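1. pasting the sequence and the predicted coordinates here, then a few questions.
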Amino acid sequence: MSKDPSPAVETEPVHLIHIGWAKAGSTFLQNWFAAHPQIAFSHHGIAGFDGTFDLIRHAGLPGDARCRVTSAEALSTPHPFAGVRDFDLHALAHHDAHAAQARGCRLLRQLFPSARILIVTRGARSLLLSGYSQYVRTGGDLSFAGFLEMAACAHWWDYDRVIRLYEQAFGTENVLVLPYERLRDDPESFCRPIEAHLRIPPGTVPHARANRSVSGAALAWYPRLNRLLGRLPRRGLVRRLYWRAIVGDRLAGLAALLQRVHPLKVPGPADIPDDFLRTLARQCESLRNRPSHAPYLREYGLAGEETP
């Protein structure tokens, strides 16, 4: 009696491209990619390589990883300031996000036509608040209302359009779309579909959250501190030291003290205009039909009245 045929084994490394979005578990994923024994990944690298010399060194050795990963959250919203630490964030409000997303997808298809794609979405309310946290930690000085106005102009979160772009370019079967909310609730159940998509054995999944949002006091006070320090010379020592402190959220204690002395309004879900939330909900209608998103439709504004 003949034995059952063995399952197909990938003879060449699979290349996974994770394209974001920002504040949708990217730091967690990149740490997991780096630690996974079956994955070759380099922070800020391409396909697991730091650069051309790294590729050359690898070519001189036998063997290869089962999977190579390129991960950059900004691939979901390409812009000309990537990698620039101190640029004018207000310029993004006038950047043509749709055209840039199409160019980014086209370029990746030209370079890596057989790649598999991972897209991670996140519900609007928590995404915007977490995005504002990241904004103020990187020097942003707008109020939450000003940040939302800038975000509304940028058209960054048209999930339906970006998913459609990548499914048309790489094939529906090669595009995996997962909700950040599953990572938030159960990291292991979030990671296992990715491993199945890549046909690699399971690895250890960390349960610690990465890149946490700042406190309410910091959300209220960091923009004011940023405006004050923004008047200093860009290349001055004080500004450089302040930059390192704010990025590392090492001024949380100062913000808490200031909030006790002079309380400011802390941004919250109720501060996000309903019309903006409705616009974002219309841009993710396709998520209704994805089983992975079914438990979380309310967080995307797709299941009756939203909850914060």
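-> Nice, I can see it.
2. quote the end-to-end distance of stretch 130-150.
-> Using Cα to Cα, to the nearest Å, the gap from the first to the last residue of stretch 130-150 comes to 15 Å.
3. how about it: buried residues?
-> Of all the residues in stretch 130-150, those buried under the rule 16 or more other Cβ atoms under 10 Å are 130-133, 135-144, 147-148, 150. In this view, the C-beta of every residue, glycine as well, is placed from N, C-alpha and C.
4. stretch 227-239 too?
-> 229, 239.
5. repeat for stretch 250-260
-> 251-252, 255, 258-259.
6. just give me the closest of those residues to Arg116.
-> Ala252 (38.8 Å; Cβ to Cβ).
7. okay, now the unreliable bits of the stretch 51-200 of the chain?
-> Along the stretch 51-200 of the chain, the parts satisfying pLDDT under 70 run over 83-94, 154.
8. all strands of it, in order?
-> Here the stretch 51-200 of the chain has its strands, by DSSP state E, counting those that start in this stretch, at 67-71, 116-121, 175-179.
9. quick one: the helices in this protein, in order.
-> Using DSSP state H, the helices of the chain run over residues 26-35, 52-59, 97-111, 124-137, 144-154, 159-170, 180-185, 187-198, 216-229, 237-247, 252-261, 274-282.
10. those helices into a markdown table, with extra columns for distance to Val14?
-> Converted to a markdown table, these look like this (distance: least, Cβ to Cβ, whole Å):
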| stretch | distance to Val14 |
| --- | --- |
| helix 26-35 | 13 |
| helix 52-59 | 16 |
| helix 97-111 | 15 |
| helix 124-137 | 29 |
| helix 144-154 | 32 |
| helix 159-170 | 12 |
| helix 180-185 | 21 |
| helix 187-198 | 5 |
| helix 216-229 | 40 |
| helix 237-247 | 34 |
| helix 252-261 | 41 |
| helix 274-282 | 32 |
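11. mind checking which of those helices is nearest Thr70?
-> helix 97-111 (8.5 Å).
12. just give me the neighbour total for Thr172.
-> Other residues lying near Thr172 total 10 when counted by other Cβ atoms under 10 Å.
13. nearest residue to Gln101 other than its sequence neighbours?
-> Val162 (5.7 Å; Cβ to Cβ, 6 or more residues apart in numbering).
14. that neighbour is in contact with Ile119, isn't it?
-> Yes. Here Val162 lies in contact with Ile119, judged by Cβ atoms under 8 Å, at a distance of 6.9 Å.
15. mind listing the shared neighbours of these two?
-> 19, 76 (Cβ atoms under 8 Å, 6 or more residues apart in numbering).
16. these two: which is more packed in?
-> Val162 (27 against 21).
17. so what's the residue nearest to Gln101 up against?
-> So Val162 contacts 19, 76, 101, 105, 119 (Cβ under 8 Å, 6+ apart).
18. any idea how far Phe81 is from Asp50?
-> 22 Å (Cβ to Cβ, to the nearest Å).
19. revised request: answer the last question for Gly236.
-> Counting by Cβ to Cβ - Gly236 and Asp50 are separated by 32 Å.
20. over to Gln259?
-> Noted for Gln259: a distance of 42 Å to Asp50, by Cβ to Cβ.
21. can you check Leu277 too?
-> Distance from Leu277 to Asp50, by Cβ to Cβ: 41 Å.
22. comparing those two, which shows the higher neighbour count?
-> Leu277 (18 against 14).
23. in this structure that one contacts Leu127, no?
-> No. If you go by Cβ under 8 Å, Leu277 and Leu127 don't touch, sitting 10.8 Å apart.
24. wait, what's in contact with the nearest residue to Tyr159 once chain neighbours are set aside?
-> Closest residue in space to Tyr159, ignoring its immediate chain neighbours: Cys284 at 4.2 Å, by Cβ to Cβ, 6+ apart. Residues counted as contacts of Cys284 (Cβ under 8 Å, 6+ apart) are 121, 157, 159-160, 300-302.
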